[in-house]
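Visitor: Provided below for reference: sequence and predicted model.
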Amino acid sequence: MKVLITGAAGGIGRAAAERFLSAGHTVVGLDLRDSALRHENYTHIVFDLRRADLPALGGVEILVCCAGVQNSGEDIDVNLKALIRATEQYGVRPGIRSICLVASASGHSGAEFPEYAASKGGVLSYAKNVAQRVAPYGATCNSISPGGVLTDLNRHILDDPALWDAVMAETPLKKWAAPAEIAEWIYFLTAVNKSMTGQDVLVDNGEMINYHFIW
């Protein structure tokens, strides 16, 4: 199948591209940055997703929206508005098979930076809206909400032992997910799943269930 992945140059997007390629799919990546990924079935397009004139790409069967920023001053524009534009153009149309929108655990909890949390909360709601509209095509749309992931976006935590220890104190499984693990979830939601739609998968190593019981 033809897969389009936004934010494909690194992190979760890069891992997702590699996962689909390993299964024999044709992948197109859109990202503001160039990519070091080289594969006969991979095409990379350097493009700023904040622009309205998205590239004309036909035949997209699976859409994965991974592009995102954090505490940038443009979180709403990139994480939500650009995601909506890409989904409306490439996903809400005949021929689409499945869509996965990458949200965040922050969209559930409201934690982290205000605009970031708001942008990801919007993704959760928008995914349900899209699921309703692509259902007549026999397509699914779901979101995934990672908690901490071992990406460069979180380098400031990974490189600071005190911050890392504080985060682990709030994380029952005492670890973060690797990008490849999130990519596996994305692959399942889009290439394997046929019946679940309008849902969110929370992958946060237990952060959301953390509590301090006082009797």
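Guide: Received, thanks.
Visitor: send me the helix or strand that contains Val134 as PDB with only the CA atoms.
Guide: Counting by DSSP states H and E, the element that carries Val134 is helix 114-134. C-alpha atoms of helix 114-134 as PDB (Å, rounded to 0.1, in the frame of the first residue of the first chain):
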ATOM      1  CA  PRO A 114      -0.300  24.900  27.700                       C
ATOM      2  CA  GLU A 115      -0.400  25.200  23.900                       C
ATOM      3  CA  TYR A 116       1.200  21.800  23.400                       C
ATOM      4  CA  ALA A 117      -1.400  20.100  25.700                       C
ATOM      5  CA  ALA A 118      -4.200  22.000  23.900                       C
ATOM      6  CA  SER A 119      -3.000  21.100  20.500                       C
ATOM      7  CA  LYS A 120      -2.800  17.400  21.300                       C
ATOM      8  CA  GLY A 121      -6.200  17.500  23.000                       C
ATOM      9  CA  GLY A 122      -7.500  18.900  19.800                       C
ATOM     10  CA  VAL A 123      -6.000  15.900  17.900                       C
ATOM     11  CA  LEU A 124      -7.900  13.500  20.100                       C
ATOM     12  CA  SER A 125     -11.200  15.100  19.300                       C
ATOM     13  CA  TYR A 126     -10.400  15.600  15.600                       C
ATOM     14  CA  ALA A 127      -9.600  11.900  15.200                       C
ATOM     15  CA  LYS A 128     -13.200  11.000  16.300                       C
ATOM     16  CA  ASN A 129     -14.600  13.500  13.800                       C
ATOM     17  CA  VAL A 130     -12.500  12.100  11.000                       C
ATOM     18  CA  ALA A 131     -13.500   8.500  11.900                       C
ATOM     19  CA  GLN A 132     -17.100   9.400  11.300                       C
ATOM     20  CA  ARG A 133     -16.400  10.900   7.900                       C
ATOM     21  CA  VAL A 134     -14.100   8.200   6.500                       C
END
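Visitor: how about the strands of this protein, start to end?
Guide: For the chain, applying DSSP state E gives strands covering 2-6, 26-31, 42-46, 62-65, 98-102, 140-146, 200-203.
Visitor: related to what we said a few turns ago, report the angle between the helix holding Val134 and strand 140-146.
Guide: In terms of direction (axes from the mean of the first three to the mean of the last three CA atoms, to 10 degrees), helix 114-134 departs from strand 140-146 by 160 degrees.
Visitor: tell me which residues in helix 114-134 are buried?
Guide: Buried residues in helix 114-134, defined by neighbour count with 16 or more other CB atoms under 10 Å: 115-124, 126-127, 130-131, 134. (Each C-beta comes from the backbone N, C-alpha and C, glycine too.)
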